[in-house]
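Visitor: how does the following fold in three dimensions:
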Amino acid sequence: MDFAQEQREALRLLEGLENGTLDVSTSAQLIDEADPALVYLIFTWLRKRYGGDHPAAEGVIGRLVELSNRPGSVKAKVAEGKADPVVAWFEDSYAYRDLDARAFIALVVEKLEG
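Guide: Predicted coordinates for the structure are as follows:
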């Protein structure tokens, strides 16, 4: 997959989880095709943005939980991604809340492809 396509698919996944515009099976398919570090970073970005008392937290976090509880590789992929050096680089250099969705995806996909 080329760089621009990978960015589009990553943003589609993030926005689909954020806005509830993707069904669970489509989200799971996109996760299966994505890099584990990217999946971990997207899940964590969403958890950081929608934690606590955010009005949309229940929906966003609920979708993440539903995917994580699904039989298959979502939970394993998130766990695998957590150990990736790109995650350590991102977390040492940036704060999740400092980047909007597009900037976040552009930065992470560029680093993963670089």
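
Visitor: C-alpha only now, for contacts and for neighbours.
Guide: Noted.

Visitor: what is the neighbour count of residue 69?
Guide: Residue 69 is flanked by 12 other residues according to other Cα atoms under 10 Å.

Visitor: ignore the last one, residue 60
Guide: Residue 60 has 23 nearby residues by other Cα under 10 Å.

Visitor: element containing it?
Guide: Assessed by DSSP states H and E, residue 60 sits inside helix 57-68.

Visitor: tell me where this protein has strands.
Guide: In the chain, no strands are found when defined by DSSP state E.

Visitor: center of it - which residue?
Guide: residue 42 (1.7 Å; Cα atoms, centre = their mean).

Visitor: buried set for stretch 25-43?
Guide: Buried residues in stretch 25-43, defined by neighbour count with 16 or more other Cα atoms under 10 Å: 27-28, 30-31, 34-43.

Visitor: pLDDT added to these, as TSV?
Guide: Formatted as TSV, the buried residues of stretch 25-43 follow (pLDDT from 0 to 100):
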residue	pLDDT
27	94
28	92
30	94
31	95
34	94
35	95
36	97
37	97
38	97
39	97
40	97
41	98
42	98
43	97
